[in-house]
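# no sequence for this one, just the structure:
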């Protein structure tokens with residue numbers, strides 16, 4: 001246990017943690033199940049304190065050994081557009097697509113792309 005850190009478990013289609021946060025990090029929020037992903041991320045953004053950061057990291061591509069070669073992964077700009085947040089109140093700090101080497105279950109390697117989006121919640125109005 002870390003001081004000031006609380007872990008909670010939520011079905012994000014039904015609930016979201018109470019409170020205001022300095023950082024909300026959504027890492028690879030992909031699921032084969034039905035989920036209103038944009039709505040979940042919008043709810044997360046509005047749970048930030050003024051000055052808080054929303055960090056969204058997604059897959060941008062899949063490795064050859066992936067289970068779903070036909071998957072569509074939204075770009076950082078597409079995710080930002082889906083959130084439909086006022087850019088004057090939600091400055092964009094980062095929207096890029098870095099590449100990295102992934103290692104598969106048999107030790108094979110491939111270069112994959114991640115999508116990174118960082119927004120800062122502006123001052124309260």
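Good, I have the coordinates. Computed from a prediction, not measured in an experiment: that's the story for all the values here.
# Would you agree residue 90 is in contact with residue 121?
Yes: with contacts counted by C-beta atoms under 8 Å, residue 90 reaches residue 121, the gap being 6.3 Å. Any C-beta I mention is one placed from the backbone N, CA and C, and that applies to glycine too.
# okay, now residue 13: neighbour count?
As a burial measure, the neighbour count of residue 13 was computed by other C-beta atoms under 10 Å and equals 14.
# mind listing what it touches?
Taking C-beta atoms under 8 Å, 6 or more residues apart in numbering as the contact definition, residue 13 lies against 34-36, 40.
# Mind pulling up the pLDDT for the residue located most distally from the centre of the chain?
In terms of distance from the mean C-alpha position of the chain, residue 106 ranks first, at 28.2 Å (C-alpha atoms, centre = their mean). Here, the pLDDT recorded for residue 106 equals 94.
# What backbone torsions are found at it?
phi -100, psi 10 (degrees, to the nearest 10).
# Equivalent analysis for the one 4 residues further on, please.
Dihedral angles of residue 110 (phi, psi; degrees, to the nearest 10) stand at phi -160, psi 150.
# wait, it sits on residue 102?
Yes: Residue 110 lies in contact with residue 102 (C-beta under 8 Å); the separation is 5.6 Å.
# can you list residues touching both of the two?
By the contact definition C-beta under 8 Å, 6+ apart, residue 110 and residue 102 are jointly contacted by residue 63.
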